[in-house]
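Chemist: Below are the sequence and a predicted model for it; my questions follow.
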There are 2 protein chains.
Amino acid sequence: MSGALAEAPPAAATDPAETQSCFDVIELLFFAYRDFVSDPDRILTDYGFGRAHHRVLHFVNRQPGLTIAELLDILRITKQSLNRVLKELVEKGFVEQRTGVQDRRQRLLFPTVKGRDLALALSRMQGERIRRAIDRCGEDDRQAALRFLFAMIDENDRDHVARLVYGAGERKGQ
Amino acid sequence: MSGALAEAPPAAATDPAETQSCFDVIELLFFAYRDFVSDPDRILTDYGFGRAHHRVLHFVNRQPGLTIAELLDILRITKQSLNRVLKELVEKGFVEQRTGVQDRRQRLLFPTVKGRDLALALSRMQGERIRRAIDRCGEDDRQAALRFLFAMIDENDRDHVARLVYGAGERKGQ
DNA sequence: TCCGTTACGTCAGCCTTATTGACATATCTC
DNA sequence: GAGATATGTCAATAAGGCTGACGTAACGGA
């Protein structure tokens, strides 16, 4: 496709042509993600929050009743890292913790009204970008992109992600 | 599609249905990116590098002769942040700086052989994930995903990115 | 030739987000 | 009652980003 690296043939690539053909995905994923997360960042600073808070708030709002362990598995960070941002979200009244009913060791996480509003405001910003993208490339490309992105996820995690994305909702009581 | 938030109707969303329909893109982009960057991370620690080094090395390798200003525009970080990682890459012999010919104020960045090898090893890891994804969802979905991801980029930046991704290669001499 | 602008480097201090390791507590399960 | 599990927390550290300020070299036009 492009003439990149024509003067510098790859020394160790098993298949230069195929390696090369992946640059577009690698780079467009980088640029799309770069701009994708930049929108909410502006709002978040007004609340004294960062991206880490956004991620927590998003998944708590998306799946009310989420446990700490499940959140750790989604975010792939340590509990110490999670605890700091979660504590701030709770202290500022965006997330509420309730003791589990079946298992009282668990702390189920719920968004407050305030938390839900913020989560939706952030999603709306990202949604606007997504809708503008769909206007450009069409709904079919969005559907295909979803399939491609899904296939990019670790195989062991796809079932879990599928359930979360397409089967989410209130799960645990109170 | 899903029953998420059924018990908690969005308070401020202009269009709940459309906001909701974006959750899949928001989340799959998060999970795909999470796993996508996790592969190179393992190699990078062996060299004492992090993701920031990877990004710099990738674009320097992709576009030999890149200037500092262009790299800053790609990465969207401050020159102080860039300088730290770039200095380490130069000190460890992965990137070479040469004074510009037309404009002697510029420092043109080139990968060394060592740098090119590392960049390609990292790209290869990501390429393997991409190829596995294509095996699952097909080449058409990949092409569509590229169009969608491209449309997700800031409008002002699309020309620049298009040139970089599809028209890259050696640009500035010696 | 002088002067303003540009490209880059650097010092200093700070913030966020992540890490590892260790230990405490409450609760479940057997 | 004992061990495993879910969570909370203290402490130290690292990576990667930021702002602000200042310096130097080179370009470019008046």
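Modeler: In hand now; what should we look at? Residues are numbered from 1 along each chain as shown, chains lettered A, B, ... in the order given.

Chemist: A:Leu109 in helix, strand or coil?
Modeler: strand (DSSP: H, G, I helix; E, B strand; the rest coil).

Chemist: Next one: A:Gly167, what pLDDT does it get?
Modeler: With respect to pLDDT, A:Gly167 scores 84.

Chemist: tally of neighbours for it?
Modeler: Counted with other C-beta atoms under 10 Å in any protein chain shown, residues neighbouring A:Gly167 total 13. Glycine gets a C-beta too; all of them are placed from N, C-alpha and C.

Chemist: What's the separation between it and B:Asp159?
Modeler: Distance of A:Gly167 to B:Asp159, computed by C-beta to C-beta, to the nearest Å: 40 Å.

Chemist: What of A:Phe94?
Modeler: Counting by C-beta to C-beta, the gap from A:Phe94 to B:Asp159 is 39 Å.

Chemist: and if you look at A:Cys137?
Modeler: Using C-beta to C-beta, A:Cys137 is found at 16 Å from B:Asp159.

Chemist: Show me which of A:Phe94 and B:Asp159 is the more surrounded one.
Modeler: Applying other C-beta under 10 Å to A:Phe94 and B:Asp159 shows that A:Phe94 carries more neighbours, namely 25 against 9.

Chemist: quick one: contacts of stretch A:87-99?
Modeler: Stretch A:87-99 is touched from outside by A:47-49, A:53, A:56-57, A:60, A:86, A:106-112, A:114-115, A:118, A:174, with contacts defined as C-beta atoms under 8 Å, 6 or more residues apart in numbering or on different chains.

Chemist: Of the residues you listed, which belong to helices?
Modeler: A:Tyr47, A:His53, A:Val56, A:Leu57, A:Val60, A:Leu86, A:Lys114, A:Gly115, A:Leu118 (DSSP state H).

Chemist: what about the second one, how many residues close to it?
Modeler: The tally of other residues near A:His53 (other C-beta under 10 Å) stands at 23.

Chemist: got a pLDDT number for the closest residue to chain B within chain A?
Modeler: At 3.3 Å from chain B, A:Ala144 is the closest residue in chain A, using C-beta to the nearest C-beta. A:Ala144 carries a pLDDT score of 97 in this model.

Chemist: roughly how far apart are A:Lys79 and A:Ala69?
Modeler: A:Lys79 is 9 Å from A:Ala69, by C-beta to C-beta.

Chemist: Report how many residues lie close to whichever residue of chain A sits closest to DNA strand C.
Modeler: DNA strand C sits closest to A:Gly50 of chain A, with a gap of 1.6 Å, by C-beta to the nearest atom of the strand. Neighbours of A:Gly50 under the rule other C-beta under 10 Å: 13.

Chemist: ok, now A:Glu155?
Modeler: 10.

Chemist: excluding its backbone neighbours, what's nearest A:Asp41?
Modeler: Distances taken as C-beta to C-beta, 6 or more residues apart in numbering or on different chains put A:Arg51 closest to A:Asp41, at 6.7 Å, once the chain neighbours are dropped.

Chemist: What is the neighbour count of that neighbour?
Modeler: A:Arg51 is flanked by 12 other residues according to other C-beta under 10 Å.

Chemist: correct me, but it touches A:Val37?
Modeler: Yes. Proximity of A:Arg51 to A:Val37 meets the contact threshold set by C-beta atoms under 8 Å, at 6.3 Å.

Chemist: on that earlier part again, could you export the ones in helices among the contacts of stretch A:87-99 as TSV, including pLDDT and distance to DNA strand C?
Modeler: Shown next, in TSV, are the ones in helices among the contacts of stretch A:87-99 (pLDDT from 0 to 100; distance: C-beta to the nearest atom of the strand, whole Å):
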residue	pLDDT	distance to DNA strand C
A:Tyr47	94	11
A:His53	98	6
A:Val56	98	8
A:Leu57	98	11
A:Val60	98	14
A:Leu86	98	10
A:Lys114	96	18
A:Gly115	97	16
A:Leu118	97	14
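
Chemist: Give me the buried entries from the residues you listed.
Modeler: Buried members of the ones in helices among the contacts of stretch A:87-99, scored by 16 or more other C-beta atoms under 10 Å in any protein chain shown, are A:His53, A:Val56, A:Leu57, A:Val60, A:Leu86, A:Gly115, A:Leu118.

Chemist: Close to DNA strand C: what parts of chain A are there?
Modeler: Taking C-beta under 7 Å from any atom of the strand as the contact definition, chain A meets DNA strand C at A:48-53, A:75-78, A:80-81, A:84-85, A:99, A:103-105.

Chemist: Keep only those of those that are in strands.
Modeler: Using DSSP state E, the members of these that fall within strands are A:Thr99.

Chemist: The residue most central in space within chain A: what's it in contact with?
Modeler: Residue closest to the average C-alpha location in chain A (C-alpha atoms, centre = their mean): A:Arg55, at 6.2 Å. By C-beta under 8 Å, 6+ apart, the residues touching A:Arg55 are A:Leu75, B:Phe30.
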